[in-house]
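predicted structure and sequence below. I'll ask about it afterward.
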Amino acid sequence: MGIRLAACAEMLYVDRPFVERVARLHERGFEVEIWDWSTKDLPALAATRATFSSMTGYLRGDLTSDEGRAEILATARESLRAAEMIDAPRLNLHGTGLDSDGLPVVPRTDVTGEDWVRAADTLRSLAELAEEAGRVFTLENLNLAVDHPGTPFARAADTLALVRGVDRAGLRLNLDLYHAQIGEGNLVELVREALPWIGEIQVADVPGRCEPGTGEIRYEAVAAALRDLGYDGVVGLEGWASGDPDAALDAFASAFSAAVDA
């Protein structure tokens, strides 16, 4: 299918009701990402006829504690049922539960070897659920310096290690290049290393988390690398509009035109 472009309805057209945001993104020709499905009118979203790229894959829980593991598995099952309503193929996960400000509900900086083993076991169980439902859970990397301090398993290197170790079709990376630029950099080589495990790529510029062209990342070069590497999947704008959202989407489409048109 080649590269397809998606955009996050949580961060664009924010002055409009949510269903109108989704409809506008669909009208513009983008697939649509949503976050917490439990706060949405899913039948109304389905009625927009938008193509949904991804949604949040859990409501509560974490990857390592007994209670957290039980909660993430239970709410993942709920999320898979919700995904059927809008036919979202990918459901997003994080290293732990995040609050409404994107901060970990229980911050962790002391991750142990046992935690790594338990996290992998939890992700293996989640992958099995996804495979039974014909969907995929994606584990997203986050940055610790600006947006998500105290989140375990946050770096791209961490998420890649977990996904690679689990090695199941029902678990892939949501490789967020905004977060990776803040935490690790070297984006093209990161994509090259992670390519077999990527389920989706998300982008925004640094600093500010706005559309390409507003910061330091040369996304045209990233797009060319994706084309040359043969990436075949979704690139999603998970960023704010620096001004007019239509102009932001134009800038996003322009930055990735070489990859989309290849």
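Yep, that arrived. Numbers count the residues shown, from 1 in each chain.

all helices for the chain, in order.
Per DSSP state H, the chain carries helices over the ranges 18-27, 42-47, 66-86, 113-133, 156-166, 177-183, 187-194, 219-229, 245-255, 257-260.

now, of those helices, which is deepest in the fold?
helix 177-183 (a mean of 24; mean count of other Cβ atoms under 10 Å). For glycine as for every other residue, the C-beta is placed from the backbone atoms N, C-alpha and C.

tell me which residue is most central in this protein.
N174 (4.6 Å; Cα atoms, centre = their mean).

any idea how far D62 is from it?
Counting by Cβ to Cβ, to the nearest Å, the gap from N174 to D62 is 17 Å.

quick check, E131 in contact with V166.
No. With contact defined as Cβ atoms under 8 Å, E131 and V166 do not form a contacting pair (11.7 Å).

and for stretch 117-127, what's in contact with it?
57, 63-64, 69, 72-73, 76, 93, 95, 137, 139, 152-153, 162-163, 165-166, 168-171 (Cβ atoms under 8 Å, 6 or more residues apart in numbering).

I'd like the average pLDDT over it.
Stretch 117-127 carries an average pLDDT of 98.

gap between it and the chain center?
Distance, stretch centre to chain centre, for stretch 117-127: 18 Å (Cα atoms, centre = their mean, to the nearest Å).

put the alpha carbons of it into CSV.
Taking C-alpha atoms only, stretch 117-127 is exported to CSV below (Å, rounded to 0.1, in the frame of the first residue of the first chain):
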residue,chain,number,x,y,z
VAL,A,117,11.2,-9.9,32.5
ARG,A,118,7.7,-9.1,33.9
ALA,A,119,7.2,-6.4,31.3
ALA,A,120,8.1,-8.8,28.5
ASP,A,121,5.7,-11.5,29.9
THR,A,122,2.9,-8.9,30.0
LEU,A,123,3.6,-7.8,26.5
ARG,A,124,3.6,-11.4,25.3
SER,A,125,0.1,-11.8,26.8
LEU,A,126,-1.1,-8.6,25.1
ALA,A,127,0.3,-9.8,21.8
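
report the contact partners of the closest residue in space to S257 that isn't next to it in sequence.
In this structure, S257 finds its nearest non-sequential neighbour in A223, 7.5 Å apart by Cβ to Cβ, 6 or more residues apart in numbering. Contact analysis of A223 by Cβ under 8 Å, 6+ apart lists V235, A255, F256, S257, A258, A259.

report pLDDT for A223.
For A223, the model assigns a pLDDT of 96.

just A262 next, same as before
Value for A262, per-residue pLDDT: 60.

next: S100.
Reported pLDDT for S100: 85.

give the contact list for L73.
Residues in contact with L73 (Cβ under 8 Å, 6+ apart) are G61, T122, S125, L126, L129.
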